[in-house]
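1. Here is a sequence together with a model predicted from it:
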Amino acid sequence: MASGPRKGQSLWRDAWRRLRRNKAAMVGLVIVVLMSGAAVLADVLVAFQSDYGQPWPRAQRPGFRRPAVLAENRFEVGERPPVPPDIPTGIEDLLTSAGLLTYTVHELEQVEYRVRLRRGKVKGIQKLAGALQRERIDVKGERQYLQEIFEDGSSGPELRDIAIVDEEDLPEVFGEQKGILIVRVVAPRTEEPETITVKVDGGVVRSIRRGEQDLEKIVVEGRHVLSLELDGEPRELVHHLGTDLQGRDVLARVIHGGRISLMVGAVATLVSVLIGVIYGAVPGYVALQPGTAGGMATFVCIFLAGPVGYLVKESFPWSMAFAAAAGAVVWGANRIVPLRRRVTTVGDFMMRICDILDALPFMFLVILLMISVGRDILTLFIALGCVQWIMMARIVRGQVLSLKEKEFVEAARMCGTGDLGIIFRHLIPNTLGVVVVYATLTVPAVILQESFLAFIGLTVEFGGRAVDSWGSLVDQGRQALASDGDRWWVLVFPSLAMAVTLFSLNFFGDGLRDALDPKLKGKT
């Protein structure tokens, strides 16, 4: 039995069919969608803001749990507990709910000592407050630790199960020390923890009790709290990927950092596409049209006056005003006869500008622009987008050179369509396949460039404050990594998120390029 005519398929539908057969590309697409969704819904998916942290936990391993407390928990009978902005929802719910809050507290005290040294031996231990002499300093147990205090006021790592004894050698963990060593010992003030109960009803504190004593108000420091219960149920905050040196949640920082990196990659790519498509389509369409010296001078002045205006006034309206003024002046000078001489074609002239710009060290120009103008996120969008458009322009020009000889362009011209209509209504839409493929491959390149800038210290700013992208998180993880490999999670998880996303974007871009190849249309 004869079958009917086979129904044709559009290029995009056929491309989607072939893309689904590419497993690597589909896996990459799924990962990119999940990463993008997590970045958009970051405030919903994670309980912490990226910059929220408490100093006392410091860097803790993945899965770390701690009581849901603030640095200072203030309560006063008859008043509502103060609720700072941008705190985790678990803490906010506790402070505004009704019930009995039970804090198990073991307060810590800090004591500083001056240790005199001579040839690596301890020659005296003196308490700074009161100048009392000691024969030894013993630090034992999980709640006790010792820190070295440096001249600039900063402190060293927390050392546990260590002893400094007079007339004996200094422990090797301190390295070579000369003269005076200042140390701080942090230990519980009492032998046993105590219990503090706060009755909250309707968001208002009704009673406060510390042990057997009733109080009118109290301040509970978060670093002293061992556990917290609401009506007998433990209330904790979980850090699934651990915390960094400032006690900030690594998972929240990775997701919020992904929001910045993906936004920079997408917007900068969009800028490069807009510039590259238009700039590439024009010389492709008017490739053989002769150009005069005056016209070329006008183009160069407009091309240079815009960036100069932005550098001088740091304003895009001023940039446009500079470009318009320069174009008007040179256009008036174009009335002079010598400037009407034909020197080359418009297409060759515009592409020679691309060659000149391509020869410049673009990353150096981006760094120079961020240093001179500022590190605002808008500046970064434009800086990275304005150095990525050159290859896009060349690709679009090649496509337009081929398409402008097709019959549909001649038909549009016979119908009276002008040059701009042919370029924007007929030629550019037919280059979108190549543009989409190249844009997909440009996004990971831009993300990598932004990460490099953040890694060398040029972090992006938004609203006057620095925001951390994946690149800056990797740099912070590198600085936090201990010599013995400890605190590895601060470096590994941001690096892993960035690497997986970049690989996924490249796999998806390669698959999309193969799927949109017209030579493979209709093939499996």
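-> Everything's here; your move. Residues are numbered from 1 along each chain as shown.
2. Count the neighbours of the nearest residue to H239 once chain neighbours are set aside for me.
-> In this structure, H239 finds its nearest non-sequential neighbour in F64, 4.6 Å apart by Cβ to Cβ, 6 or more residues apart in numbering. In this view, the C-beta of every residue, glycine as well, is placed from N, C-alpha and C. When neighbours are counted by other Cβ atoms under 10 Å, F64 registers 20.
3. Before we move on, what's the pLDDT of R66?
-> R66 is assigned a pLDDT of 91 by the prediction.
4. Could you name the helices and strands sitting against the longest strand seen in the chain?
-> Longest among the strand segments of the chain by residue count, using DSSP state E, is strand 108-118. For strand 108-118, the packing partners by 3 or more Cβ pairs under 8 Å, 6 or more residues apart in numbering; DSSP states H and E come out as strand 121-127, strand 180-188.
5. Just the mean pLDDT for it, thanks.
-> Strand 108-118 shows an average pLDDT of 88 in the prediction.
6. Parallel or antiparallel, which strands does that strand pair with?
-> strand 121-127 (antiparallel), strand 180-188 (antiparallel) (DSSP bridges).
7. quick one on the thing from earlier: now for the residue nearest to H239: which residues touch it?
-> F64 is in contact with P57, V238, H239, G242, T243, counting by Cβ atoms under 8 Å, 6 or more residues apart in numbering.
8. All the helices of the stretch 201-350 of the chain, in order from the start?
-> Using DSSP state H, counting those that start in this stretch, the helices of the stretch 201-350 of the chain run over 250-285, 293-313, 316-333, 346-359.
9. got it, and the stretch 401-524 of the chain?
-> Under DSSP H, counting those that start in this stretch, the stretch 401-524 of the chain gives helices at 407-414, 419-421, 432-455, 470-480, 489-515.
10. Contacts only, for R80.
-> Going by Cβ under 8 Å, 6+ apart, R80 touches G203, V204, V205.
11. Narrow these to those in strands?
-> Using DSSP E, the contacts of R80 in strands are V204, V205.
12. Redo the contacts of R80 as CSV? Include distance to D419, pLDDT and neighbour count.
-> Formatted as CSV, the contacts of R80 follow (distance: Cβ to Cβ, whole Å; pLDDT from 0 to 100; neighbours: other Cβ atoms under 10 Å):
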residue, distance to D419, pLDDT, neighbour count
G203, 69, 83, 13
V204, 73, 89, 14
V205, 75, 91, 22
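13. Closest one of the contacts of R80 to G471?
-> G203 (42.2 Å; Cβ to Cβ).
14. Excluding residues flanking it in the chain, which one is nearest that closest one?
-> Looking at G203 with Cβ to Cβ, 6+ apart, the closest residue is T96, at 4.9 Å.
15. Just give the number of residues close to that neighbour.
-> Using other Cβ under 10 Å, T96 has 13 neighbouring residues.
16. what's the distance between it and V200?
-> 8 Å (Cβ to Cβ, to the nearest Å).
17. okay, and the common contacts of those two?
-> Here T96 and V200 have P81 as joint contacts, going by Cβ under 8 Å, 6+ apart.
18. I'd say A287 and V346 touch.
-> Yes. Under the criterion of Cβ atoms under 8 Å, A287 makes contact with V346 at 7.4 Å.
19. how about low-confidence regions in this structure?
-> 1-11, 288-344, 483-484, 517-524 (pLDDT under 70).
20. if I pick the residue nearest in space to the middle of it, what's in contact with it?
-> In the chain, the centroid-proximal residue (Cα atoms, centre = their mean) is S469; its distance is 1.3 Å. For S469, the contact set (Cβ under 8 Å, 6+ apart) comprises G257, I260, S261, V264, E450, S451, A454, T459, V460.
21. Try it again at 7 Å.
-> Contacts for S469 (Cβ atoms under 7 Å, 6 or more residues apart in numbering) come out as G257, I260, S261, V264, E450, S451, A454, V460.
22. so is the closest residue to C354 other than its chain neighbours in a helix, a strand, or just coil?
-> Closest residue to C354 apart from its sequence neighbours, by Cβ to Cβ, 6+ apart: I390 at 5.1 Å. State at I390, reduced to three classes by DSSP: H, G, I helix; E, B strand; the rest coil: helix.
23. What of the one 3 residues further on?
-> Each residue gets one of three states, and A393 gets helix by three-state DSSP.
24. quick one: contacts of stretch 438-449?
-> 261, 264-266, 268-269, 272-273, 363, 384, 388, 392, 395, 502, 505-506, 508-509, 512.
25. what's the spacing between the closest residue in space to Q126 that isn't next to it in sequence and F174?
-> Distances taken as Cβ to Cβ, 6+ apart place R114 nearest to Q126, at 4.8 Å, with adjacent residues excluded. Relative to F174, R114 is positioned 14 Å away (Cβ to Cβ).
26. Next: E212.
-> The gap separating E212 from F174 is 44 Å, by Cβ to Cβ.
27. who has more neighbours, these two?
-> More neighbours surround F174 than the other of E212 and F174, with 17 against 5 (other Cβ under 10 Å).
28. L29 is nearest to which of the strands paired with strand 108-118?
-> Per Cβ to Cβ, nearest to L29 of these: strand 180-188, 51.0 Å.
29. about what we covered before: make JSON lines out of the strands paired with strand 108-118 and add distance to V437 and mean neighbour count.
-> Formatted as JSON lines, these follow (distance: least, Cβ to Cβ, whole Å; neighbours: other Cβ atoms under 10 Å):
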{"stretch": "strand 121-127", "distance to V437": "69", "mean neighbour count": "16"}
{"stretch": "strand 180-188", "distance to V437": "59", "mean neighbour count": "17"}
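30. Wait, V267 touches F381, no?
-> Yes. Using Cβ atoms under 7 Å, V267 is in contact with F381, at 4.7 Å.
31. Of these two, give the one with the bigger neighbour count.
-> Using other Cβ under 10 Å as the criterion, V267 and F381 rank with F381 on top: 21 against 18.
32. That one and A268 touch, don't they?
-> Yes. Counting by Cβ under 7 Å, A268 is a contact partner of F381 at 5.3 Å.
33. Nearest residue to V105 in space, please, no chain neighbours.
-> H224 (4.9 Å).
34. before we move on, what about S495?
-> V474 (5.3 Å).
35. Same check on I428?
-> A281 (5.5 Å).
36. ok, that neighbour - contacts?
-> V396, V400, I423, L427, I428.
37. Which of these sits closest to V277?
-> V396 (5.2 Å).
38. hmm, back to that, of the helices and strands packed on strand 108-118, which is nearest E107?
-> Shortest distance between E107 and the helices and strands packed on strand 108-118, using Cβ to Cβ, is found for strand 180-188: 6.9 Å.
39. how distant is the closest one from the center of its chain?
-> In terms of Cα atoms, centre = their mean, to the nearest Å, the centre of strand 180-188 is found 37 Å from the chain centre.
40. Can you tell me what sits against it?
-> By Cβ under 7 Å, 6+ apart, the list of residues contacting strand 180-188 reads 106-117, 137, 139, 143-149, 155, 174.
41. Give the buried residues for stretch 459-472.
-> Within stretch 459-472, the residues that count as buried by 16 or more other Cβ atoms under 10 Å are T459, V460, E461, V467, D468, S469, W470, G471, S472.
42. so which pair among these is furthest apart in space?
-> Applying Cβ to Cβ across the buried residues of stretch 459-472, the maximum distance is between E461 and W470, 16.2 Å.
43. What are the buried residues along the longest strand of the chain?
-> Across strand 108-118, burial judged by 16+ other Cβ under 10 Å covers L108, Y113, V115, L117.
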